[in-house]
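Chemist: my questions are about this predicted structure, shown below with the sequence.
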Amino acid sequence: MTEQLSADDWIRQGLKALAKSGFTALKADPLAKAIGVSRGSFYWHFADLGAFHAAVLKRWREIAAEQIIADVEAAGDEPLKALLRRSFGARLDLERAVRNWAAFDAAAQAAVRAIDRRRLDYIEQLLDKRGLDPATAQARAQILYWTFLGFALSGPPVPAARLQGLLDDLLRMISAE
């Protein structure tokens, strides 16, 4: 590479490595080798591996919650339906990798807890807007989120047509009075 790498380049490479190979791939040497540079560039941008891990987790929180919420709000479609399509239709390798990381690392565990809370609050807000009373919205948000987590951590992808039918059923169940 002839151009200088930015911290963002390293973070993007870290997210790719995390999704593909898990958290043990988040080390300066293998990342530098994958990018084709010396590890000195890594340490130019990050004080240590912990600072890099914190930056990767911060970016994951941005893309796995804030970016999705912004996209759903901008879609112009019914937000809960758009959220379901977006969440259940996404590649979830990174989700699985971060949750696996959280089983071994306190910072990753804190990031997962924070994103779970943010996502639950958003789903609850969408259900409130649909007219559900607060207790029902809270309970159904939890059920919907558990459903997503089960889907995210389960086996092979569901064919698109079958997934759409399941999402339609899920939306009806969550929205029923």
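Modeler: Done, it's in.

Chemist: which residue is the nearest non-sequential neighbour of the residue nearest the centre of the chain?
Modeler: In the chain, the residue lying closest to the centroid (C-alpha atoms, centre = their mean) is Ala64, at 3.1 Å. Leaving aside its sequence neighbours, Ala64 sits nearest to Ile115 (C-beta to C-beta, 6 or more residues apart in numbering; 5.9 Å). Bear in mind the C-beta positions are built from the backbone N, C-alpha and C, glycine included.

Chemist: next: Ala54.
Modeler: Ala107 (6.4 Å).

Chemist: contacts only, for the one you found.
Modeler: Neighbour list for Ala107: Gly50, His53, Ala54, Leu57 [criterion: C-beta atoms under 8 Å, 6 or more residues apart in numbering].

Chemist: work out for me the element it sits within.
Modeler: Per DSSP states H and E: Ala107 is located in helix 106-129.

Chemist: all helices of the chain, in order?
Modeler: 7-21, 28-35, 40-45, 49-61, 67-74, 79-89, 93-102, 106-129, 134-152, 160-175 (DSSP state H).
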